[in-house]
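Colleague: Show me the folded form of this:
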Amino acid sequence: MYARDNGAGASSWQPQTIGDSVITAATVALSMLADPTRLRLMTCLTDGEQDVTTLTAAVGAARPAVSQHLAKLRLAGLVTMRRDGRRALYAINGAHVHRLVVEAIHMAEHQVADRPPHHLPNPR
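Modeller: Down below sits the predicted model:
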């Protein structure tokens, strides 16, 4: 029996040839998160669904700018939007996107602090 035949301890992701369309989609997602305002919006959404007014106050940007950023995130497939009456509610589009945002923030916290907040007993 070879080590690769035993699934125990092996990662579910194995290096393989990745298609151009997958690389393009990943590049678009990462480029959307490379903007500070959009990353702030996404970190706000890690706590759950929020409306534009709440997000505007949280990131400290003008409402039209927040709306434009949310539209770009939605177009890229990183957020979803649903209507509740006249309110537009935004949410992160799935667990993979949620983990990507959280891990990017955790990685950055490690770069700027010896003991980042997510390692404390009661983070944020």
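
Colleague: Just give me the longest helix of the protein.
Modeller: helix 95-112 (DSSP state H).

Colleague: That one: which residues count as buried?
Modeller: The neighbour-count check on helix 95-112 (16 or more other Cβ atoms under 10 Å) flags 97-98, 100-101, 104-105 as buried. Any C-beta I mention is one placed from the backbone N, CA and C, and that applies to glycine too.

Colleague: Count the residues that sit near the residue nearest to Ala62 when sequence neighbours are not counted.
Modeller: The spatial neighbour of Ala62 that comes closest, neighbours along the chain excluded (Cβ to Cβ, 6 or more residues apart in numbering), is Thr56 at 7.5 Å. Close neighbours of Thr56, defined as other Cβ atoms under 10 Å, add up to 19.

Colleague: My guess is Thr56 contacts His69. True?
Modeller: No - in this structure, Thr56 is not within contact of His69 by Cβ atoms under 8 Å, at 10.3 Å.
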